[in-house]
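> I'd like to go over a predicted model; first the sequence, then the structure.
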Amino acid sequence: MTDSLNTPQAPAPGELPRHTPGVSVRHTRAKGEPRFPDGPVADPAGSHFERRIRSFQPRRSRVTAGQADALQRLWPSRGLDIDGQRVIDLAELFGNTHPVVLEIGFGMGEATARMAAEDPGTNILAVDVHTPGQGNLLSLADRHGLGNVRVGNGDAIILLREMLAPDSLDGLRVYFPDPWPKKRHHKRRLIQPEFLTLAATRLRPGAVVHCATDWEPYAQQMLDVLTAHPDFENTRADGGFAPRPDFRPLTRFEGQGLEKGHVVNDLLFRRVPHDNQHP
């Protein structure tokens, strides 16, 4: 980033030190001091909601200087802490009335940024709990002028249930979610009937749920659960998996898996009209 090219100067009080991009930030914080004073908070929903079974596992890893800089500079205007305390106005959040797609889990954000760049008429609300990924996606969006990306921090279930209005989404993307491979952990998988029932209330008729996974047993479970759900119908006439659509980029991680013989399955299901909606 351009700031990193400047001659290093001593940071102002409370300011994160600036380093060469790619170098991890080492910042000694006083007890109780937030990690990023102007960035995402550690637990946005706090104790306001019940501690349900989580479908995600927070990952702890170092934040680079470039990611930290993006979090500090851009979070106030492009970030959303999922606190569950209000219903958000998506037109106000994005500054336009374009269709909005919710993406749950985006890793480091490269694929999200590419999809945003190739479809500027669609807004992407990308949610994750991985701080380095949040910073990386904000940095990519800033670098490439992607005004159609907003980054959510926290639990997507709370976002759907408490903070999004009915029929406010034009799509839902869940790419390579944690497969929770052990049988005793299957209850933690995101794609479950209860989740789909909730998501259906926030999706407009015709909105597409797009899932992708390289874990074949989970892919089959996704297919079974989506097929059985009355609010969704398969876009495939044969009722099976779909080929990867052109708009979903082939990520480096996915490419490495394919080279090793992994099978990646895509599922595209459409939200059926409201006469089939749950009350």
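Great, that's in hand.

> contacts for the worst-scoring helix or strand of the chain on mean pLDDT?
Sorted by mean pLDDT, DSSP states H and E, the helices and strands of the chain end with helix 252-259, the least confident at a mean of 84. Residues outside helix 252-259 that contact it (C-beta atoms under 8 Å, 6 or more residues apart in numbering) are 107, 110, 176, 214, 264. (Each C-beta comes from the backbone N, C-alpha and C, glycine too.)

> can you pull the buried residues of that helix?
Within helix 252-259, the residues that count as buried by 16 or more other C-beta atoms under 10 Å are E254.

> so can I have CSV of the contacts of helix 252-259 showing neighbour count?
As requested, the contacts of helix 252-259 are exported to CSV (neighbours: other C-beta atoms under 10 Å):
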residue, neighbour count
G107, 18
E110, 17
F176, 20
D214, 17
V264, 20
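
> Specify which member of the residues you listed is nearest to G145.
Nearest to G145 among the contacts of helix 252-259, counting by C-beta to C-beta, is E110 at 16.2 Å.

> With K187 as the reference, measure out to that closest one.
31 Å (C-beta to C-beta, to the nearest Å).

> cool, and L268?
25 Å.

> more crowded one of the two?
A count of neighbours by other C-beta atoms under 10 Å puts L268 above the other of L268 and K187, at 19 against 10.

> contacts for the helix or strand where the more buried one lies?
Assessed by DSSP states H and E, L268 sits inside strand 265-271. Strand 265-271 is contacted by residues 200, 203-214, 216, 219, 222-223, 226, 231-236, 241-245, 248 when judged by C-beta under 8 Å, 6+ apart.

> quick one: which of those sit in strands?
Assigned to strands by DSSP state E, the following of the contacts of strand 265-271 qualify: 203-213, 232-234.

> ChimeraX command to pick out the buried ones of those?
In ChimeraX, a selection of the buried entries from the ones in strands among the contacts of strand 265-271 looks like this (16+ other C-beta under 10 Å):
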select :203,207,208,209,210,211,212,213,232,234
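
> Tell me the one among the ones in strands among the contacts of strand 265-271 nearest to P273.
P205 (4.6 Å).

> confidence score at the closest one?
Looking at P205, its pLDDT stands at 97.

> Just say helix, strand or coil for R173.
strand (DSSP: H, G, I helix; E, B strand; the rest coil).

> can you give me the strands in the chain?
Per DSSP E, the chain carries strands over the ranges 79-81, 100-104, 123-128, 149-153, 169-175, 203-213, 232-234, 265-271.
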